[in-house]
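Trainee: structure of the sequence below:
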Amino acid sequence: MKNLSFNIGDQFLGEGHFLSQTTGVGTLISTLYSNAIVIAGIILVFLLIYAGSKIQQKWENPEAVKEGQKIITYSLLGFVLIIAAWFLIRVLEGSTGTVILNN
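Mentor: Take a look at the predicted model:
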C-alpha cells in the first residue's frame, strides 16, 4: 500500500514557491494565521474605500448611506476581532510556554 501522506507544498505549489516548505495542514494554517493581520488590513482598506465611495455616490439615498455605514462598522469589527484573536494566541503562548504559531 502506498504512503498516504505527502508534502502539501511540493504537491500543489511546486518547488521554489514561498509556501513549498509547507509540510502539513498545521504549518499551512500557522503560516496563514501569522499573516492574517496583514491580509485583514488589506481587506479592511478595500472595504473602507468601497463603503466610502458608496456613501459618497449615493448620499441622497438614506438606505444606501446606512448600508455603507454597516459595511464600515462590520469591517472594523472584524478587523478588531482578528487582532484580539492574534493577541489572545500570543498571550497563551507566553503564559503556557508552548508554540502555537510558528513564525
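Trainee: distance from the strand or helix carrying G78 to the middle of the chain?
Mentor: G78 is part of helix 62-96, with elements assigned from DSSP states H and E. Its chain's C-alpha centre and that of helix 62-96 lie 11 Å apart, by C-alpha atoms, centre = their mean, to the nearest Å.
Trainee: name the residues of stretch 59-66 that are buried.
Mentor: V65 (16 or more other C-beta atoms under 10 Å). C-beta here means a position set from N, CA and C on the backbone, and glycine is covered the same way.
Trainee: what comes up buried for the helix holding G78?
Mentor: Result for helix 62-96 [16+ other C-beta under 10 Å]: buried residues 65, 68, 71-72, 75, 79, 82, 86.
Trainee: of those, which is the nearest to S30?
Mentor: Closest approach between those and S30, by C-beta to C-beta: W86, at 12.2 Å.
Trainee: please, which helix or strand holds the residue nearest to W86 when sequence neighbours are not counted?
Mentor: Nearest residue to W86 in three dimensions, chain neighbours excluded: I37, at 5.9 Å (C-beta to C-beta, 6 or more residues apart in numbering). Assigned by DSSP H and E, I37 belongs to helix 36-57.
Trainee: what of I100?
Mentor: Using DSSP H and E, I100 sits within no helix or strand.
Trainee: measure the spatially most central residue of the chain to V91 for me?
Mentor: Centroid-nearest residue in the chain, with C-alpha atoms, centre = their mean: A36, separated by 3.4 Å. Remark: distance between A36 and V91 (C-beta to C-beta, to the nearest Å) = 16 Å.
Trainee: number of residues surrounding the nearest residue to I39 once chain neighbours are set aside?
Mentor: Sequence neighbours aside, L32 is the residue nearest to I39 in space, at 7.9 Å (criterion: C-beta to C-beta, 6+ apart). Neighbourhood size, L32 [other C-beta atoms under 10 Å]: 13.
Trainee: go on, L47?
Mentor: L47, neighbours per other C-beta under 10 Å, totals 17.
Trainee: fine, thanks again, bye for now.
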